[in-house]
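Chemist: need coordinates for the following:
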Amino acid sequence: MLKFTIIIPHRIGENIEKTLEGVYLSSYPKENIEIFQAEGTHPTVQRNECIKQSCGDIVYFIDNDSIVNADNIKEANSIFENDERVAIVGGPAIHKVTSLIEMYIDRCMRAYYAVGPIANRYRFDNSMIKEGSDRDVILCNLFVRRNVLFEAGLFNENLYPNEENALIDKILSLGYKLIYDPKIIVQRPPRSNLGSYIKMLLNYGRGRFEQLFRDFNFKNLIFTIPALFSAYIISTPMIAVLYGITGVNIIKFYFLPLLVYIIMTLFAGILYAFKDKGIICKIRGLFVYPFMFFITHFFYGLGFFYGIMRIVSKFKRIAKFSVKKYKSFE
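Modeler: Okay, here's the model as predicted:
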């Protein structure tokens, strides 16, 4: 039976009590579990420091707002023991929704039209366990073999977020497997308002650009599409003014992609709205979903330019942290 190290990073002043409630409900023998918490300003550095101090065979990364399913560790243990080439095991992070805006943010993050295959991270699917990629798993619910973490060089401390994506790419390139198991679940709240959702999108887009810049992989070039879209949207008013001044007919074709996007987004909004229950929800969804899809595409893409600014300015995150071994193997 494998030993598990649970690592929980968090910001200064936050706590891990709610997360520990889920951990202590685990059906896995407690004597085979140790827990680290790392308070600080740089989660990537915090995780790496905990890994260096850990003693488990498997490291389980969760966040301090994640409530862990009681059978997660037991389920992961079975997968790891059955195949030594499996280095990573993960499952979805299901949102606990408490308000209308949280409901739409959750549904947007689970919509393939909005976020593509990354929607798998937030969807509960009864499908069979499958071999997957970084598109399927999320760092707040991720198991990794400790020896493989060291073989891959730990997390790249120049990255946050998207540090797990770069690490997963490296581990898979070494010939290991990643298994997505829909039964391995954590529950956590989505962003609570539109402002925090937009901030998240900007940071995710920025993180993806920094990953491309510092740890280039051809398969990740698809994430440049939202950046091109954002640049296109920003330039459209200027082109409209140019058309108004010059009257050159060929400029009209510049607006064709915008027309196609509007039609596609409205159609997608209709499809998602009609899945909602109740006539009021369906009508409201006709307006809300296209808006949510647009801001998701636009601000994620805008995050790329935020990333460019950070690279040019040579921004460096200050790492202040403290590590506490909350529970040792008994």
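Chemist: what are the ranges of the helices in this protein?
Modeler: Along the chain, the stretches classed as helices by DSSP state H are 17-24, 43-53, 72-82, 100-109, 112-115, 146-151, 163-173, 194-214, 225-246, 256-273, 279-312.
Chemist: hmm, S192 is touching S99, no?
Modeler: Yes. The pair S192 and S99 passes the contact test of Cβ atoms under 8 Å, sitting 7.1 Å apart. (Each C-beta comes from the backbone N, C-alpha and C, glycine too.)
Chemist: what residues are up against D181?
Modeler: Neighbouring residues of D181 by Cβ atoms under 8 Å, 6 or more residues apart in numbering: E75, A76, I79, V89, G90, G91, I129.
Chemist: unless I'm mixing things up, P92 is touching F124, no?
Modeler: Yes. Under the criterion of Cβ under 8 Å, P92 makes contact with F124 at 5.8 Å.
Chemist: ok, these two, which is more surrounded?
Modeler: Neighbours per residue, other Cβ atoms under 10 Å: of P92 and F124, the larger number sits with P92, 25 against 11.
Chemist: contacts only, for the more buried one.
Modeler: P92 touches N120, R121, Y122, R123, F124, D125, I138, N141, P182, I184, I185, counting by Cβ under 8 Å, 6+ apart.
Chemist: could you identify the buried members of those residues?
Modeler: Applying a neighbour-count criterion of 16 or more other Cβ atoms under 10 Å, the buried members of those are N120, R121, Y122, I138, N141, P182, I184, I185.
Chemist: could you tell me how many residues sit around the nearest residue to the last one once chain neighbours are set aside?
Modeler: Once its chain neighbours are removed from consideration, I185 has its nearest residue in N69; the separation is 4.5 Å (Cβ to Cβ, 6 or more residues apart in numbering). A total of 21 residues lie near N69 under the criterion other Cβ under 10 Å.
Chemist: give me the buried positions along the helix-or-strand element of the chain with minimal mean pLDDT.
Modeler: In the chain, no helix or strand scores lower on mean pLDDT, DSSP states H and E than helix 17-24, which sits at a mean of 87. Residues of helix 17-24 classed as buried by neighbour count (16+ other Cβ under 10 Å): T19, L20, G22, V23.
Chemist: that helix to helix 72-82, inter-axis angle?
Modeler: Relative orientation of helix 17-24 and helix 72-82, computed by axes from the mean of the first three to the mean of the last three Cα atoms, to 10 degrees: 50 degrees.
Chemist: just the pLDDT for N126.
Modeler: pLDDT recorded at N126 is 75.
Chemist: for it, give me its contacts.
Modeler: P182.
Chemist: quick one on the thing from earlier: and the buried ones among the contacts of P92, which two are furthest apart?
Modeler: Y122 and I184 (13.8 Å; Cβ to Cβ).
Chemist: report pLDDT for the most centrally placed residue in the chain.
Modeler: Centroid check for the chain by Cα atoms, centre = their mean gives I138 as the closest residue, at 5.3 Å. With respect to pLDDT, I138 scores 97.
Chemist: same check on F329?
Modeler: So F329 comes in at 75 (pLDDT).
Chemist: before we move on, back to that, mind checking which of the buried ones among the contacts of P92 land in strands?
Modeler: Counted as lying in strands by DSSP state E, out of these, are N141.
Chemist: return the closest of the buried ones among the contacts of P92 with respect to F274.
Modeler: The closest of the buried ones among the contacts of P92, once distances to F274 are taken by Cβ to Cβ, is Y122, at 20.9 Å.
Chemist: just checking, the closest one touches G91?
Modeler: No. Counting by Cβ under 8 Å, Y122 sits too far from G91 to count as a contact (10.9 Å).
Chemist: what's across from the closest residue to P43 other than its chain neighbours in the sheet?
Modeler: Counting by Cβ to Cβ, 6+ apart, P43 lies nearest to P9, which is 4.4 Å off, once chain neighbours are set aside. Beta-bridge partners for P9, by DSSP bridges, are A38.
Chemist: confidence score at P9?
Modeler: In this model, P9 carries a pLDDT of 97.
Chemist: cool, thanks, talk later.
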